[in-house]
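model the structure of this input:
(one chain, ligands or ions: 2)
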Amino acid sequence: MIGLEIHVQLKTRTKMFCRCANGWGDEPNTRTCPVCLAHPGTLPVPNRQAIEWTIKLGLALGCEIAPRAVFHRKHYVYPDLAKSYQLSQYDEPLCTGGSFVVPGAEGEREIGIVRAHLEEDAAKTIHVGGAAGRIAGADYSLVDFNRGGVPLVEIVTQPDVRSPDEARRFLQLLRQTVVELGISDAEMEKGSLRCDANVSVREVGETGFRTKTELKNMNSFKFVSDGIAAELERQASIYERGDDVVQQTLHYDPSSGEVAPLRSKEYADDYRYFPEPDLVPVEPARELVERLRNEIPEPPGGRIRRLEPDVGFSLASELVSAGRDPLLAPITAHGVDPKAAANFLMNDYTGDGTAAPDPALIAETIKKRRELPPDVYRQAAEAASVGNATAVAELLEQTAITDTGELDRLIDQVVAENESQVAAYRGGKQGVLGFLVGQVMKKTQGKADPRRVNELLRERLDT
Ligand code: ZN
Ligand code: MN
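Ligands and ions are numbered 1, 2, ... in the order given. Just a heads-up that it's a prediction; the model follows:
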């Protein structure tokens, strides 16, 4: 039984409650002011854009948007929190009760969304001298307040996720949704998308839930699924030897593949939540909510289902998770088979959004693939990915030597020059064939299809 808790940093121009720039990678402690450093007497002013974007994300997750939402103070003492409380939302969040569809190879899975609320990020602590940047064993810690006060949406799912792989696919589709909404970079390596997981196990047929543990901050899609898998196994083995799982917060260490306790679990009461007296409740106008609802793009789940008949589930899922599915139809419109187009987009496409790809050039490149030497094909794929028509035209002219007469002549030469290898091959040493193919390819300066050369050489030597 897996429930996920995801934090998404919004890419608003300024922070959640002050005018400081919201940026990544600046000199430490240069994006601060009396508000986000919690000087006495300062007052928070909420960021309108952040509220609108949270509503938008809530709508994309099928949530109800509350007519009245309240910011609460969540208290804890830590060096990354100058006020000693985080402005967050408690029992009156902006978005509640949604669901998000994750298609699987065997049908749809609907993951319930408990809530999505808006809060401010804490500052970043950097531990120096300890192992792998961890606090344990560190000599000292530094705090960078540039991140302190950046708007953060927290999304909490129901414990509906049933496998580590499903957790990974949920997260990939959620990330793609957030990116398409244009509200966050959602990059796990940079920490603008963070994922925790609540994990418990039970017997097949058992109802109700056993004690859960919380896995913290797994910072890649792979670590999320690996971390959950390790924890599921740990809990199962605890029950199998007759012990009980203890509710606690755990850290997954990808280098050892093991989970280790961070601290015993805290409860809501420990935070002494109370309504922020310096802010009025947020009451989004219904017209605003309806306007934002109209700006929501088609959710990824439906797009995967629509592509599945043409390219199969796993390619459809990969295409949509990578946000490359909109390019598929424009390429197939130029007479390319959907599977070939999908494979190109996942394996050979190199566009990164800096220049527009050209579907017609991509289609031409795919069609000529078999006639091109592999290196030339790769260069053409790259040029088509960024719409460089001149380069593609030049490259597509460099077709491979397909004239069998020409190849036969070169094969004659290679066979004559490498008598001992030819004898070894005929004596049963299959591996030598690769060497001989290489010799022919060298004579063509790489301008032949190695698969064709391989066929012709086999024909020659096997008879
Ligand atoms: Zn500030
Ligand atoms: Mn949070």
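
pLDDT value on the closest residue to ligand 1 within the stretch 51-200 of the chain, please?
Taking C-beta to the ion, ligand 1 has its nearest neighbour within the stretch 51-200 of the chain at Gly149, 5.6 Å off. The C-beta positions use only the backbone N, C-alpha and C, and glycine is treated the same way. In this model, Gly149 is scored at 97, pLDDT.

not counting sequence-adjacent ones, nearest residue to it?
Cys36 (3.7 Å; C-beta to C-beta, 6 or more residues apart in numbering).

what's the distance between the one you found and Leu87?
11 Å (C-beta to C-beta, to the nearest Å).

check Leu173 too.
Distance, Leu173 to Leu87, using C-beta to C-beta: 29 Å.

do the same with Glu295
Glu295 is 27 Å from Leu87, by C-beta to C-beta.

of these two, who's got more company?
Leu87 (20 against 12; other C-beta atoms under 10 Å).

is it correct that Met141 falls within a strand?
Actually, residue 141 is Ser rather than Met. Yes: per DSSP: H, G, I helix; E, B strand; the rest coil, Ser141 lies within a strand segment.

that older thread, contacting residues for the residue nearest to Gly149?
Residues counted as contacts of Cys36 (C-beta atoms under 8 Å, 6 or more residues apart in numbering) are 15, 17-18, 20, 82, 145, 148-149.

can you show me the strands along the stretch 351-463 of the chain?
Read by DSSP state E, counting those that start in this stretch, the stretch 351-463 of the chain holds no strands at all.

can you give me the pLDDT of the closest residue to ligand 1 within it?
Relative to ligand 1, the nearest point of the stretch 351-463 of the chain is Gly353 (30.5 Å; C-beta to the ion). On pLDDT, Gly353 comes in at 76.

tell me the phi and psi of it?
With angles defined as degrees, to the nearest 10, Gly353 sits at phi 90, psi -10.

ok, back up a step: just the contacts of Cys36: which has the poorest pLDDT?
The pLDDT minimum for those sits at Ala82, where the score is 92.

so that residue sits against Gly149, correct?
No: if you go by C-beta atoms under 8 Å, Ala82 and Gly149 don't touch, sitting 9.1 Å apart.

who's more crowded, the two?
Gly149 (31 against 19).

quick one: that one and Met16 touch, right?
Yes: judged on C-beta under 8 Å, Gly149 makes contact with Met16 at a distance of 5.6 Å.

and for these two, which residues touch both?
Joint contacts of Gly149 and Met16 (C-beta under 8 Å, 6+ apart) are 120-121.

can you show me the strands along the stretch 101-250 of the chain?
Using DSSP E, counting those that start in this stretch, strands in the stretch 101-250 of the chain cover 107-120, 124-128, 140-144, 151-157, 193-199, 213-216, 248-253.

taking strand 140-144 as reference, get the angle to the second one.
This points to strand 124-128. Counting by axes from the mean of the first three to the mean of the last three C-alpha atoms, to 10 degrees, strand 124-128 points 150 degrees away from the direction of strand 140-144.

partners of strand 124-128 in the sheet?
Strand pairing for strand 124-128, using DSSP bridges, gives strand 140-144 (antiparallel).

list of residues touching the partner strand?
Against strand 140-144 from outside (C-beta under 8 Å, 6+ apart): 28-29, 79-80, 123-129, 135.

quick one: which of those has the most company?
Neighbour tally across the contacts of strand 140-144 (other C-beta under 10 Å): the maximum, 23 neighbours, falls on Ala123.

can I have the helix or strand hosting Arg291 written out in CSV, keeping just the CAs?
Using DSSP states H and E, the element containing Arg291 is helix 286-293. The C-alpha trace of helix 286-293 is given here as CSV (Å, rounded to 0.1, in the frame of the first residue of the first chain):
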residue,chain,number,x,y,z
ARG,A,286,-15.7,31.3,-9.3
GLU,A,287,-15.1,33.1,-12.6
LEU,A,288,-11.3,32.8,-12.0
VAL,A,289,-11.7,29.1,-11.3
GLU,A,290,-13.7,28.6,-14.5
ARG,A,291,-11.3,30.6,-16.6
LEU,A,292,-8.4,28.4,-15.2
ARG,A,293,-10.4,25.3,-15.9
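
and it, which residues are buried?
Using 16 or more other C-beta atoms under 10 Å as the test for burial, helix 286-293 gives 289, 292.

now that helix: average pLDDT?
97.

tell me which residue lies nearest the centroid of the protein.
Gln172 (4.6 Å; C-alpha atoms, centre = their mean).

for that residue, which non-adjacent residue is spatially closest?
Ser321 (4.3 Å).

what about the one you found, how many neighbours?
19.

is it true that it touches Gln176?
Yes: judged on C-beta under 8 Å, Ser321 makes contact with Gln176 at a distance of 5.7 Å.
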